[in-house]
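Participant: Below are the sequence and a predicted model; questions follow.
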Number of protein chains: 2
Amino acid sequence: MRQIKHPNIDQVELTDIMYALSDPTRLEIVGQLANAGRKMTCGEFDLNRPKSSLSHHFKILRAAGLVETLIEGTEHMNALRVAEIEQKFPGVLQSVLTALNKS
Amino acid sequence: MRQIKHPNIDQVELTDIMYALSDPTRLEIVGQLANAGRKMTCGEFDLNRPKSSLSHHFKILRAAGLVETLIEGTEHMNALRVAEIEQKFPGVLQSVLTALNKS
DNA sequence: TCTATTGTTCGATTATATTCGAACAATAGA
DNA sequence: TCTATTGTTCGAATATAATCGAACAATAGA
């Protein structure tokens, strides 16, 4: 598997996004990614979970179209698909990120 | 039980809201409520589910702070807590409603 | 007081999610 | 080619959610 498959943005449902963002760990991942403003490897996140658990959460974030993962060597670089999500669901991700940074 | 208890808006977590909105039936309820622009009884919703199932979904919407239910006689009048939610999580509910009406 | 109406609660079933250790796969670099 | 690094996948256990019929509760109105 050379690169990981991601859903096309048209295929992403609002319920998928809501579901992905309903878990504290995943919300944390999304928040850290947004605040970093750059691609991050899975290991870079400040979360205290075994890697198999994190891998599971990244899988759900990818399926929801929120995160894009590019393989670079042995590392997997994760990026938020902000622009696409914003285009399809204006304001949804932005307002969630704003709420995250307030709490 | 004279009136139903609702959470104070301070106690509402973002994850609760995301979770409540991750279910198609509940999203439908929220959408119909918003579009109606008025209080609605449970029976008024155009959903094809047994009442025990609907009652379950309303319970979750209430717990998430999204819906307020006032008992009037034998009817339960449901209203969206738009203003409070908007105050605490600006843009979140609005953008979801906008997305709902596009699909 | 009896009955119809409107929802909630209960209980059981089925379906989905979460969690995490262990094994596996892909790659970089020695 | 061997090894370390980075994640994924597998499998099994546990937890949480959805579904819905049946019984129950509260009220209005006859």
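Facilitator: Good, I have the coordinates.
Participant: quick one, what contacts A:L100?
Facilitator: A:L27, A:V30, A:G31, A:A34, B:L14 (C-beta atoms under 8 Å, 6 or more residues apart in numbering or on different chains). Backbone N, C-alpha and C define where each C-beta goes, glycine included.
Participant: which among these end up buried?
Facilitator: By the neighbour-count criterion of 16 or more other C-beta atoms under 10 Å in any protein chain shown, the contacts of A:L100 include these buried positions: A:L27, A:V30, A:G31, A:A34, B:L14.
Participant: what's the farthest-apart pair in those?
Facilitator: Farthest pair in these (C-beta to C-beta) is A:A34 and B:L14. Separation: 13.9 Å.
Participant: Please tell me how far the residue sitting nearest the centre point of chain A sits from B:D23.
Facilitator: What sits nearest the mean C-alpha location of chain A, by C-alpha atoms, centre = their mean, is A:V67, with 3.5 Å. To B:D23, A:V67 is 22 Å away according to C-beta to C-beta, to the nearest Å.
Participant: Counting neighbours, what do you get for A:H56?
Facilitator: By other C-beta atoms under 10 Å in any protein chain shown, 14 other residues sit near A:H56.
Participant: ditto for the one 10 residues further on
Facilitator: Taking other C-beta under 10 Å as the neighbour definition, A:L66 ends up with a count of 25.
Participant: quick one: what helix or strand has A:I4 in it?
Facilitator: Following DSSP states H and E, one finds A:I4 outside all helices and strands.
Participant: Likewise for the one 3 residues further on?
Facilitator: Assessed by DSSP H and E, A:P7 sits outside every helix and strand.
Participant: quick one: pLDDT of it?
Facilitator: Looking at A:P7, its pLDDT is 97.
Participant: need the residues of chain A near DNA strand C, please.
Facilitator: A:1-2, A:19, A:23, A:25, A:49-53, A:56-57, A:60, A:71, A:73-74 (C-beta under 7 Å from any atom of the strand).
Participant: I'd like to know which of the residues you listed are part of helices.
Facilitator: Those of those mapping onto helices are A:Y19, A:T25, A:K51, A:S52, A:S53, A:H56, A:H57, A:I60, per DSSP state H.
Participant: buried subset of those residues?
Facilitator: A:Y19, A:T25, A:H57, A:I60.
Participant: just those that are near chain B?
Facilitator: A:Y19 (C-beta under 8 Å from any C-beta of the partner chain).
Participant: And the buried ones among the ones in helices among the residues of chain A next to DNA strand C, which is closest to chain B?
Facilitator: The closest of these to chain B turns out to be A:Y19 (C-beta to the nearest C-beta; 3.8 Å).
Participant: For the residue lying closest to A:I60 once chain neighbours are set aside, give its distance to B:S22.
Facilitator: Leaving out its chain neighbours, the residue that sits closest to A:I60 by C-beta to C-beta, 6 or more residues apart in numbering or on different chains is A:A20, at 5.4 Å. Distance, A:A20 to B:S22, by C-beta to C-beta: 8 Å.
Participant: residue ranges for the strands of chain A, please.
Facilitator: A:40-41, A:67-72, A:75-80 (DSSP state E).
Participant: now the second one against strand A:75-80, angle please.
Facilitator: The one in question is strand A:67-72. When axes from the mean of the first three to the mean of the last three C-alpha atoms, to 10 degrees is applied, the directions of strand A:67-72 and strand A:75-80 differ by 150 degrees.
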